[in-house]
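Trainee: quick one: sequence and predicted model below, then my questions.
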Amino acid sequence: MMERENIEETRGKRLALGSIALMLISMIIFYTQIIADAGIYIEIILFAALSITGITLAIYSGKVSKRSKLFVVGVVGNSFMLMSSGLLFFVMLAVESST
């Protein structure tokens with residue numbers, strides 16, 4: 001019984017670290033604009049997809065492992081990136097509608 005709990009803790013920790021890794025990848029792409037040849041809307045979709053996947057992983061890891069620190073970092077960081085991509089989307093809509 002104790003071994004099963006240990007396996008669940010390990011799985012939850014890996015999911016939380018995966019969520020944080022997705023957040024960091026999204027931030028690196030956002031701040032360095034690696035995919036400069038792609039359109040801005042493709043980048044916004046990419047940021048949103050990475051953030052939603054990261055939030056999903058963080059929530060699942062919180063349910064599995066009951067670790068609050070990694071859960072909070074994953075959810076907050078990915079939520080920040082999701083809000084940034086939403087803000088970028090609305091700014092692009094405002095710029096395009098004014099021209």
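Mentor: The structure has been received and is ready for your questions. Numbers count the residues shown, from 1 in each chain.

Trainee: for residue 58, which residues are in contact?
Mentor: Listed by CB atoms under 8 Å, 6 or more residues apart in numbering, the contact set of residue 58 reads 15, 16, 19, 70, 71, 74, 75, 78. All C-beta spots, glycine's among them, are computed from the backbone N, C-alpha and C.

Trainee: derive a ChimeraX selection command for the buried subset of these.
Mentor: Listed next is the ChimeraX selection for buried residues among these, using 16 or more other CB atoms under 10 Å:
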select :15,16,19,70,71,74,75,78
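
Trainee: the spatially most central residue of the chain and residue 95, how far apart?
Mentor: In the chain, the C-alpha nearest the mean C-alpha coordinate belongs to residue 51, at 2.7 Å (CA atoms, centre = their mean). From residue 51 across to residue 95, the span is 22 Å (CB to CB, to the nearest Å).

Trainee: can you point out the buried residues in the helix or strand hosting the residue nearest to the centre of the chain?
Mentor: According to DSSP states H and E, residue 51 maps onto helix 40-65. By neighbour count with 16+ other CB under 10 Å, helix 40-65 contains the buried residues 43-44, 46-48, 50-52, 54-62, 64-65.

Trainee: again with stretch 13-30
Mentor: For stretch 13-30, by 16+ other CB under 10 Å, it's 15, 16, 18, 19, 20, 22, 23, 26, 27, 29, 30.
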